[in-house]
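Engineer: Sequence and predicted structure are below.
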Amino acid sequence: MSTWADWDHIVKIDPDKSLVAGETFEDVAATGTDAIEIGGTTGMTEEKMARVVEACGAHDIPVYIEPSNPASVVHSNRHDGYLIPVVMNAGDVTWITGAHKEWIRIDDDIDWSRTFTEAYIVMNPEASVASYTQANCDLDADEVAAYAEAAEHLLGQEIVYVEYSGMLGDPEKVAAADEILDDATLFYGGGIHDYDSARQMATHADTIVVGDLVHDEGVDAVRETVEGARDATAATPPSE
Ligand SMILES: CC(C)=CCC/C(C)=C/CC/C(C)=C/CC/C(C)=C/COP(=O)(O)OP(=O)(O)O
Ligand SMILES: O=P(O)(O)OC[C@@H](O)CO
Ligand SMILES: [Mg+2]
């Protein structure tokens with residue numbers, strides 16, 4: 001059951017960042033987003049992750065954790081599972097299979113029925129995740145498409161994630177990934193901050209991910225991006 005196939009919109013909560021004063025995870029769940037993904041790069045610790053899992057898990061919305069290292073994996077039945085990144089264009093193999101091998105070696109509680117991967121293509125050289133993974137972000141559209149095709153058809157990935165974290169990306173590069181993919185779901189995240197940017201990126205990606213906005217502007221702004229994602233989906237003919 002690939003639940004993300006139905007998702008237009010995800011809110012990504014960074015456990016190292018706070019919500020806007022007076023706002024709660026219930027407010028986040030009430031924005032109309034399809035799922036909450038809990039993940040960040042810097043400052044990821046198990047207790048920070050656990051605290052957010054507990055708070056988000058209380059509401060009727062899918063909650064997945066996206067660990068940035070083996071130490072931030074939290075096993076709990078308060079979330080629906082794990083979305084483990086594999087960074088296609090990482091400069092350090094740690095972020096392709098190395099950290100994954102270590103995690104599997106030390107963690108005896110992995111539930112593979114609830115554990116899935118996201119094939120990341122990191123595109124913003126200024127993002128923490130780019131330096132963290134030493135990603136080669138200087139890719140043109142046909143290279144992005146080739147990584148997307150490799151993820152789906154060579155590595156059997158169900159999710160391809162074009163990651164511009166912190167900046168609004170090049171829609172042509174997102175479109176190139178969208179056009180090449182057959183059944184894999186295309187996530188796009190990075191710089192979505194209003195109805196128009198949400199609608200624009202959701203025209204190319206199956207699912208858009210909104211992160212910084214929820215921490216910087218709050219749930220009213222996030223709700224606008226849900227609208228944009230929904231309207232893009234409504235305007236897009238169902239793929240044959
Ligand atoms: C194998 C296990 C359990 C973990 C390793 C998983 C991998 C490969 C992590 C690589 C880094 C990564 C893709 C992390 C996901 C979370 C993410 C992309 C956060 C975005 O962080 P930024 O927006 O760059 O940084 P800020 O926190 O400064 O906003
Ligand atoms: O924080 P933003 O720029 O919205 O990016 C969302 C997500 O792709 C980050 O991993
Ligand atoms: Mg960020």
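Structural biologist: Arrived safely, thanks for sending. Predicted model, so just to flag it, every value in this text is computed and none were measured. Residues are numbered from 1 along each chain as shown. Ligands and ions are numbered 1, 2, ... in the order given.
Engineer: Just the pLDDT at residue 2, thanks.
Structural biologist: You'll see residue 2 listed with a pLDDT of 47.
Engineer: For residue 210, report the pLDDT, please.
Structural biologist: 98.
Engineer: Just give me the longest helix of this protein.
Structural biologist: When the chain is parsed with DSSP state H, its longest helix is helix 219-235.
Engineer: Whether it contacts ligand 2 - can you check?
Structural biologist: No - between helix 219-235 and ligand 2, judged by Cβ under 6 Å from any ligand atom, nothing touches; the nearest distance is 9.1 Å. C-beta: built from backbone N, CA, C; applies to glycine.
Engineer: For that helix, which outside residues touch it?
Structural biologist: For helix 219-235, the external contacting residues (Cβ atoms under 8 Å, 6 or more residues apart in numbering) are 8-9, 11, 20, 23, 27-28, 30-33, 192-200, 202-203, 207-208, 210, 213-214.
Engineer: What remains of those if I keep only buried residues?
Structural biologist: Buried subset of the contacts of helix 219-235 (neighbour count, 16 or more other Cβ atoms under 10 Å): 8-9, 11, 20, 23, 27-28, 31-33, 192-193, 195, 197-200, 202-203, 207-208, 210, 213-214.
Engineer: What is the neighbour count of the closest residue to ligand 3 within the chain?
Structural biologist: Here the chain gets closest to ligand 3 at one residue, residue 165, 4.5 Å apart by Cβ to the ion. Residue 165 has 22 neighbours, counted by other Cβ atoms under 10 Å.
Engineer: how about the strands in the chain?
Structural biologist: Taking DSSP state E as the criterion, the chain carries its strands at 9-13, 35-38, 63-65, 81-87, 115-122, 159-163, 185-189, 207-210.
Engineer: Report the central residue of the chain.
Structural biologist: What sits nearest the mean C-alpha location of the chain, by Cα atoms, centre = their mean, is residue 209, with 5.6 Å.
Engineer: Enumerate the positions of the least confident helix or strand in the chain by mean pLDDT that are buried.
Structural biologist: When each helix and strand of the chain is scored by mean pLDDT, DSSP states H and E, helix 46-57 comes last, with a mean of 86. Neighbour-count burial for helix 46-57 flags 48-50, 52-53, 55-57 (criterion: 16+ other Cβ under 10 Å).
Engineer: ok, residue 13 to residue 66 distance?
Structural biologist: Using Cβ to Cβ, to the nearest Å, residue 13 is found at 10 Å from residue 66.
Engineer: For these two, indicate the residue with more neighbours.
Structural biologist: residue 13 (26 against 22).
Engineer: correct me, but that one touches residue 28?
Structural biologist: Yes - between residue 13 and residue 28 a contact is recorded at 7.1 Å, counting by Cβ atoms under 8 Å.
Engineer: Which residues are in contact with each of the two?
Structural biologist: 36, 56, 214.
Engineer: residues in contact with residue 44?
Structural biologist: 15-16, 67-69, 71-72.
Engineer: possible to save those as a markdown table with neighbour count, distance to residue 126 and pLDDT?
Structural biologist: Formatted as a markdown table, these follow (neighbours: other Cβ atoms under 10 Å; distance: Cβ to Cβ, whole Å; pLDDT from 0 to 100):
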| residue | neighbour count | distance to residue 126 | pLDDT |
| --- | --- | --- | --- |
| 15 | 24 | 21 | 91 |
| 16 | 16 | 18 | 91 |
| 67 | 21 | 23 | 94 |
| 68 | 24 | 17 | 93 |
| 69 | 15 | 21 | 92 |
| 71 | 14 | 25 | 87 |
| 72 | 21 | 23 | 86 |
